[in-house]
Structure formats: structure tokens, C-alpha cells
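Trainee: this one's sequence-less:
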């Protein structure tokens, strides 16, 4: 009798150990651990390792292209149209500046890769309603739920003007960044993670995702800007920081960097390394001409060497409502 209990107890321990190992293995497979991250060769280009202050093109005022096409309505709780708040955000539709044209609304799907291994397909909703926009990204992940990012705002004198940016990972509480803009496009930032941190908001400030659509709108307005070697500086907000990011343009190239588009024209922007960046994150963006310069590929390499990547799969239009 004692022997049977001993065998039963041992079998239970073996099953529990196997279950724990299985869960732990899947966690590492999907998300990795810093001490177990693969030792990958650096993909940071030599010309992106500059740490000194560079002569960069700062945000300039824009001239918004007019269109007669109907846009999908975002929702009743979105911010009011530009015409009713242009005086409060420092701009008007007839000002002179860099040509600027918003891409058409659409739902884009991206294959998500971790260290080159394909996992899930993420969804990106880009919705334009007059001079307001909504950018929503949902990337599903096993076990802990989706990663969600949303940016909402309008267009002011300097281009896209986010008013709220929030992120959420699985069931964790969302983290917010709120833009309190004044009549000149500046103002203050407020963060849910750092209530006492209220840095000055510079005109043209973007969040981590709206900056790509800011670039796309500038290229839609004038495809000759940002030739190879140009450095564009953008104030960028994350969930608890506001920093000046500097991107180097590699100009227009004909390549297969976005496989689903075949041989196509893209613009590659690489983030220049910042000396005070504690994460040492390398970000590369490929904007595709066939997608109205929307992102065809987004690549982020973390300090551990782990590489996260979104690669365009397909785009579906959104019918006007």
C-alpha cells in the first residue's frame, strides 16, 4: 500500500515538472529572457552609431493638401474637426509650408516575427475622418494576450498632432500619454506612469507610431524630400519619455525589402543611436510607395539582440460610412 502511494506521488511530481517545463519553454519561445536571448550579430549600420549632435531637419510647418473624397467616420467620441480647432492648435488649411497629404484609410495586416521566426498576424487600422485620424494596432501573443497601441489626434500646423497615445500588454493596465497642446502647437505632456513628469511639448511632437504616418504624409505631399543622407529630427513620445529622435534617410530604392509587394520602391529610415538611450533600441522603417508610403516593414532590435519585426501582408480598404 505504501509502495503504491509512493509510485503515485512520484508520477504526480513527474507530471507537474513536465507541465512547468512546458509552460516555461513556451514562455521563452514566445518572449525570451534577457539571459537566454540569442547572441545575434549587430545590424546597426556604422553610420547610425553617431552620438554627437547632428545637423538635422527639424519639424516645419505644413501645407495640407485638400481632397474632395469622403472619409470614414471615426466615432462620436473622437476629437472635433480641424476647422473648429485650428486656432487652438496653431494652424490653418491655407498656410504655406511643406506639402502634406494624409494616406487613405485602410486596414493593414502584418506578419509578426521574433528573431526571424514567424508567429502571429497583426492588424493595423488607419482611419482618417476629415483632418482627424485614428491609428490602432493589435498584435496577438500567446498566453498573455494581445499587445495594443492606439494614437488619436488631428492635423495642426506641423502635421499629425496626437492628443492621446496609449499602450496595453495583455491584461496589464493600459499606459497613457496625453498631449496638452497650446495655440502654437506646443504645450505640455502628461504620463500615467509619471504623474509628476510634465515636460515641454514641442511643435511637431509624435508618438512612436504616428511618426511613421507623419513621414508617409510628407512623402505623399512631396516624394522628393529626404533624399539619401538626409537626417530628420522628430520629438517622440513613448509611455513615459519625450526625446528627440534623429532618423537617417537612405533615399528611394527599388528592392524586395517588402516581399509581399515584390520588387517595389521603398524609403528606408534608420534611427541614429542616442547616447542617453538606456534601451539602445535600433529602429528601422521601410515605407512603401505602393502603399501611399505607409509602413511596409518595421524592424526593432533590442539591447539584448532580440529582433522584433512586422512585415506587410495585405491591405483592405475601408468603405466610407
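Mentor: Here it is on my side, so go on. No experiment lies behind these values; they were computed from the predicted model shown.
Trainee: Return the residues in contact with the most centrally placed residue in the chain.
Mentor: Note on the chain: the residue nearest the mean C-alpha position is residue 209, at 2.7 Å, using C-alpha atoms, centre = their mean. Residues near residue 209 by C-beta atoms under 8 Å, 6 or more residues apart in numbering: 135, 137, 149, 151, 165. C-beta coordinates here come from the backbone N, C-alpha and C atoms, glycine included.
Trainee: Okay, and the beta partners of the last one?
Mentor: When bridges are taken as DSSP bridges, the partners of residue 165 come out as residue 151, residue 177.
Trainee: how much space between it and residue 133?
Mentor: 12 Å (C-beta to C-beta, to the nearest Å).
Trainee: So for the two, which residues contact both of them?
Mentor: Common neighbours of residue 165 and residue 133, using C-beta under 8 Å, 6+ apart, are 151, 152.
Trainee: which stretches of the stretch 201-321 of the chain have low pLDDT?
Mentor: 275-280, 319-321 (pLDDT under 70).
Trainee: For this protein, which segments are assigned as helices?
Mentor: If DSSP state H is used as the criterion, the helices of the chain fall at 2-31, 82-85, 210-221.
Trainee: re earlier: now, the most widely separated pair of the contacts of residue 209?
Mentor: Pairwise distances across those peak at 11.2 Å for 137 and 165 (criterion: C-beta to C-beta).
Trainee: These two: who's more crowded?
Mentor: Neighbours were counted for residue 137 and for residue 165 using other C-beta atoms under 10 Å; residue 165 has more, 26 against 20.
Trainee: Before we move on, what's the pLDDT of that one?
Mentor: What the model reports for residue 165 is a pLDDT of 96.
Trainee: Which stretches in the stretch 151-300 of the chain count as strands?
Mentor: Taking DSSP state E, counting those that start in this stretch to define them, one finds strands in the stretch 151-300 of the chain at 159-169, 175-181, 187-191, 200-201, 206-207, 231-237, 242-255, 264-271, 282-288, 294-301.
Trainee: in its sheet, what does the fifth one sit against?
Mentor: Sheet neighbours of strand 206-207, with direction, are listed as strand 231-237 (parallel) (DSSP bridges).
Trainee: Let me know the angle separating the partner strand from strand 159-169.
Mentor: Regarding strand 231-237 and strand 159-169, their directions subtend 50 degrees when assessed with axes from the mean of the first three to the mean of the last three C-alpha atoms, to 10 degrees.
Trainee: Good, wrapping up.
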